[in-house]
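J.: build me a model:
(one chain, ligands or ions: 1)
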Amino acid sequence: MTKTVLITGASSGFGKDAARLFQKNGWNVIASMRSPEKETELGNLDRVALVRLDVTDSESIQKAVEDGIARFGRIDAVVNNAGYGSLGVLEAAPMEVVRQQFDVNVFGVIEVIKAVLPHMRENRSGVIVNVSSMGGRIAFPFSTLYHATKYAVEGISESLQFELEPLGIKVKIVEPGGYKTDFAGRSLATFGAGDLLDYKPAYDAFAGQVDNWPMSERVWEVAEAIFEAASDSSEQLRYPVGADAVQLLQARKEMDDLAIKNLIAGHI
Ligand code: NAP
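T.: Model (predicted):
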């Protein structure tokens, strides 16, 4: 039977590449995004349904899930990919910026999971793939909000697997390193140091380097890891992707907190 995946944030980057890859491999794809009317490519592919889904809009989540099931009969996998990163000094972060980061990267993930679970429970089958980051297990400076959300995604996933496994539903975490998607261009929201001069020299030095972060162009690797996670039927929980993610997460395993802090400080 043809399988069906629902992907959030399928308008660009990993989400769009994953939509293409699932489709190429014979899956039905519910390619969800905030502005489907702007999408000119995916909608022309067979077995792809474009649906509107903003992860901060409960109604749009419910409707996307219902419309997807109505169109293809079932949902076998969901890929929680939509997300963005807030960078800046924590003390300078307006609370609405803090809340928005959690609304999209954490509460959005939870709400999409809650929306598909009744269907997956009924089927006694399903795979939930949560796109975290190497930044879900290792932290860089001036990125407190982003890390907080990705660490949360890891915790949600790690705990959720216990309650869903007996019902035939798997949970997977994909942890990309740095990749040249639109993320650095438009999905990084910078609020800076405000007028807090104590932080400014360190923050400015950090911000001056952001454009020089080594980012891999091999974006398709992440789509491949997402596809593997959704389809390999294994019990593997985590899928780190990219040389930087693999190396840093290995170092995280082997080093103590002080050693890892010094390693990261030496990189920045
Ligand atoms: P991207 O090309 O900028 O894609 C981000 C996607 O998230 C876009 O489709 C965007 O949709 C969507 N999005 C943002 N807010 C949304 C909302 N409220 N509702 C629904 N969709 C929303 O960046 P990407 O690199 O592919 O990022 C995808 C995921 O990978 C994110 O979770 C990110 O944290 C994670 N990640 C990225 C990297 C990296 O280096 N690129 C590394 C580790 C993890 P719109 O088109 O509507 O804005």
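J.: excluding sequence neighbours, find me the nearest residue to the residue of the chain found nearest the ligand.
T.: For the chain, the residue positioned closest to the ligand under Cβ to the nearest ligand atom is G13, at a distance of 2.0 Å. Backbone N, C-alpha and C define where each C-beta goes, glycine included. Distances taken as Cβ to Cβ, 6 or more residues apart in numbering place T181 nearest to G13, at 3.2 Å, with adjacent residues excluded.
J.: quick one: contacts for E111?
T.: Contacts here follow Cβ atoms under 8 Å, 6 or more residues apart in numbering; on that basis E111 touches V55, S58, I61.
J.: which of those residues are buried?
T.: V55, I61 (16 or more other Cβ atoms under 10 Å).
J.: restrict the contacts of E111 to contacts with the ligand.
T.: Among those, the residues within reach of the ligand (Cβ under 6 Å from any ligand atom) are V55.
J.: make TSV from the contacts of E111 and add pLDDT and secondary structure to it.
T.: Rendered in TSV, the data for the contacts of E111 read as follows (pLDDT from 0 to 100; DSSP: H, G, I helix; E, B strand; the rest coil):
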residue	pLDDT	secondary structure
V55	98	coil
S58	98	helix
I61	98	helix
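J.: now the contacts of E111 in TSV, with distance to A230?
T.: Listed next are the contacts of E111 as TSV, based on distance: Cβ to Cβ, whole Å:
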residue	distance to A230
V55	19
S58	25
I61	19
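J.: from the contacts of E111, pick the one nearest F107.
T.: Proximity of those to F107 was ranked by Cβ to Cβ; the top entry is V55 with 8.0 Å.
J.: so W27 makes contact with K3?
T.: Yes - using Cβ atoms under 8 Å as the test, W27 is close enough to K3 to be in contact (5.0 Å).
J.: what is in contact with the two at once?
T.: The overlap between the contact sets of W27 and K3 (Cβ under 8 Å, 6+ apart) consists of D76.
J.: quick check: residues of this structure near the ligand?
T.: The chain has residues 8-9, 11-15, 33-35, 54-56, 81-85, 104, 131, 133, 176, 178-179, 181-183, 186-187 near the ligand, with proximity defined as Cβ under 6 Å from any ligand atom.
J.: shouldn't P240 be in contact with S133?
T.: No - taking contact to mean Cβ under 8 Å, the distance of 9.8 Å between P240 and S133 leaves them out of contact.
J.: how about the residue of the chain closest to the ligand, what does it touch?
T.: Neighbouring residues of G13 by Cβ under 8 Å, 6+ apart: Y179, T181, D182, F183, S187, V219.
J.: residues near I260, how many?
T.: I260 has 17 neighbouring residues, counting by other Cβ atoms under 10 Å.
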